[in-house]
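**Student:** 3D, please:
(one chain, ligands or ions: 2)
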Amino acid sequence: MKAMVLTAPRSALRLTDLPRPQPAAHQVLIKVSACGVCRTDLHVVDGELPDAKLPLIPGHEIVGRIIEKGAAVERFAHGDRVGVPWLGQVCGVCAHCRAGRENLCDHARFTGYHIDGGYAEYTVADQRYCFAIPDAYDDLAAAPLLCAGLIGYRALVMAGDAQRLGIYGFGAAAHIVAQVARYQGRAIYAYSRPGDRESQRFALGLGAVWAGDSTATAPEALDAAIIFAPVGSLVPQALRAVRKGGAVICAGIHMSEIPAFPYEILWGERSVKSVANLTRRDGEELLALAPQVPVQTAIVPFALDQANAALAALRAGQFNGAAVLVP
Ligand SMILES: [Zn+2]
Ligand SMILES: [Zn+2]
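**Tutor:** Ligands and ions are numbered 1, 2, ... in the order given. Below you'll find the model as predicted:
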């Protein structure tokens, strides 16, 4: 099979011919039809996350059909369409797993990071962590739901009942979350890179009540803010934008250093939290909710061998919505 492979951090992925993987007892072999490109893939390629598998096939927003299954697979049948998310495996016995916080499992393994992912024609995945894909979505449209959507959804749940919700960084996750938040009757205030009028127009088109530069002041105090951009200096900016008792939720896996800030902007029972990974329950909830909204994903397709170009375009903020590789 053809795959785009990372052999060393901070190097380009290489188109490589590899043997098709064989499914183990709990695994399904999937013919990949779409794989979303996530900002986390950039952090993996850039060597910003420790202990990545090498060589590695990145990609953790995988949609495809099952063409073979291991002996213990009982949740899915041959030919079923499934999605494979970032959460690849958990231990099930650590304190976090037992408390229903499998996203924080001490021994978790993640797709496209510790386990080969979907920048390939075929992949194997543990059926216990795969999702059925709702019929309302074609393969490409479904792919960004599997991480951008899931992490965004988890961040939105963490924002509680916030009515006035700030979103910093209007990329793949934000464009999905904004639709869900609006469906729930919330008002979205979208912050983009300074001067990025195109992103701001995109946000307004998705129903944001206000859009502006991340350095600008929104017309009203926010109840909560979600930061998707990997930019630590946004944390104090967001804290200044939220009201007393408000929360700032950092939804990325990696962020540049957060600068020192005066205690007075945290005081008043404001809080700063992070979102880590996903639980399978998050996935089931979002995939049930998305067709009701209905969430429509904006897709920018790239051929599999154009994965480096897709990553570069994501890094440069050159498109709205979500890049998706098509093997
Ligand atoms: Zn665990
Ligand atoms: Zn992701």
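**Student:** And the closest residue to residue 296 other than its chain neighbours, its phi and psi?
**Tutor:** Using CB to CB, 6 or more residues apart in numbering and skipping residues adjacent in sequence, the residue nearest residue 296 is residue 179, 7.1 Å away. For every residue, glycine as well, the C-beta is placed using N, CA and C. The phi and psi values for residue 179, taken as degrees, to the nearest 10, are phi -70, psi -40.
**Student:** wait, residue 179 sits on residue 207?
**Tutor:** Yes. Between residue 179 and residue 207 a contact is recorded at 7.4 Å, counting by CB atoms under 8 Å.
**Student:** And the two? Which one has more around it.
**Tutor:** Comparing residue 179 with residue 207 by neighbour count (other CB atoms under 10 Å), the higher total belongs to residue 179, at 21 against 15.
**Student:** Which residues does stretch 116-123 contact?
**Tutor:** With CB atoms under 8 Å, 6 or more residues apart in numbering as the test, stretch 116-123 has contacts from 1-5, 13, 18, 20-21, 29-32, 35, 53, 56-62, 64, 67, 84, 111-112, 124, 304, 307, 325, 327.
**Student:** Could you work out the end-to-end span of it for me?
**Tutor:** Length of stretch 116-123, first residue to last, CA to CA, to the nearest Å: 7 Å.
**Student:** next one: stretch 208-218
**Tutor:** This stretch, stretch 208-218, spans 12 Å end to end (CA to CA).
**Student:** Outside of that stretch itself, list whatever touches it.
**Tutor:** Stretch 208-218 is contacted from outside by 166-168, 170, 178, 187-196, 199-201, 203-204, 219, 229, 231, 234, 237, 241, using CB under 8 Å, 6+ apart.
**Student:** Any residues of this structure in contact with ligand 1? List them.
**Tutor:** Within reach of ligand 1 by CB under 5 Å from the ion, the chain has these residues: 90-91, 94, 97, 105.
**Student:** give me the residue from the stretch 101-250 of the chain nearest ligand 2.
**Tutor:** With CB to the ion, the shortest gap between the stretch 101-250 of the chain and ligand 2 falls at residue 147, namely 3.1 Å.
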